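Participant: sequence unavailable; structure follows:
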């Protein structure tokens, strides 16, 4: 009985922390889609929302703490999870797999973006992402595509399940039927297009090796050309 109660509390904490972090992840994903309209649109959108999600109170209460709590709850949940007699459905499997990937990379990603901003005062913006694509394309094209698609799926599916756990009614299509996949595929396609835009596939961009973010990586961090 105590174990069941503890598991329910853990699930509740995981749901609330996930919903809190979903505010930031939704803004982040939208920013990636906007990049398809050009560097100016991407940077402009980010400069509008950055004062919100980097405000100290918001960054702590809606980003940092929820992220750490959510990942910690996920780790505990995996350890407590009993061996299933049959595999979970596809949607739940994708949610778990996307969560594993995100948990694996999120803290390194944060250090490479927010950490650089705090240490050197240089926001990545469009130019920083373009530098990554030009510097190590074999790594960063699949990485950013996976990051975007896993972030999308984990946010959408996780949000619906968290709301349901909290007693909020969500459309039945989010749990069964094909209507869940079509809008998700459209949004995923928009994200992939956005990722390609960082590499200059949609329009001409400035030399990605000639910007402040590239300079920090190649000079200040001594990573070489």
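Facilitator: Cool, the structure landed. The structure presented is a predicted model; accordingly, all values stated were derived computationally and were not measured.
Participant: so which elements touch the helix or strand that residue 161 is a member of?
Facilitator: In this structure, residue 161 sits in helix 137-165 according to DSSP states H and E. Packing partners of helix 137-165 (3 or more CB pairs under 8 Å, 6 or more residues apart in numbering; DSSP states H and E): helix 2-34, helix 90-110, helix 125-135, helix 181-198. The way it works is simple: take the backbone N, C-alpha and C, and place the C-beta from them, glycine included.
Participant: now do the contacts for the residue nearest to the spatial centre of the chain.
Facilitator: The centre of the chain sits closest to residue 151, judged by CA atoms, centre = their mean, with a distance of 4.0 Å. Shown in contact with residue 151 (CB atoms under 8 Å, 6 or more residues apart in numbering): 25, 28-29, 98, 102.
Participant: identify, from these, the entry nearest to residue 79.
Facilitator: Nearest to residue 79 among those, counting by CB to CB, is residue 102 at 18.1 Å.
Participant: model confidence for that closest one, exactly?
Facilitator: If you check residue 102, the pLDDT there is 98.
Participant: what distance do you get for it to residue 159?
Facilitator: Distance, residue 102 to residue 159, by CB to CB, to the nearest Å: 14 Å.
Participant: got it, and residue 56?
Facilitator: Taken as CB to CB, the span from residue 56 to residue 159 is 25 Å.
Participant: between these two, who's got more neighbours?
Facilitator: Legend: neighbour count by other CB atoms under 10 Å for residue 56 and residue 159, higher for residue 159 (19 against 7).
Participant: distance check, the more buried one against residue 95.
Facilitator: Going from residue 159 to residue 95 by CB to CB gives 11 Å.
Participant: what residues of stretch 205-213 count as buried?
Facilitator: For stretch 205-213, the neighbour count (16 or more other CB atoms under 10 Å) marks 205, 208, 211-213 as buried.
Participant: so which of those are in helices?
Facilitator: Judged by DSSP state H, these include 212-213 as members of helices.
Participant: quick one: which two of the buried residues of stretch 205-213 are the most distant?
Facilitator: Greatest spatial distance in the buried residues of stretch 205-213: 205 and 212, 15.4 Å, computed using CB to CB.
Participant: before we move on, back to that, residue 36: which of the contacts of residue 151 is nearest?
Facilitator: Using CB to CB, residue 29 comes nearest to residue 36 of those, at 12.7 Å.
Participant: now do the phi/psi pair for the residue nearest to residue 93 when sequence neighbours are not counted.
Facilitator: Counting by CB to CB, 6 or more residues apart in numbering, residue 93 lies nearest to residue 87, which is 6.7 Å off, once chain neighbours are set aside. Residue 87 adopts backbone torsions of phi -60, psi 150, taken as degrees, to the nearest 10.
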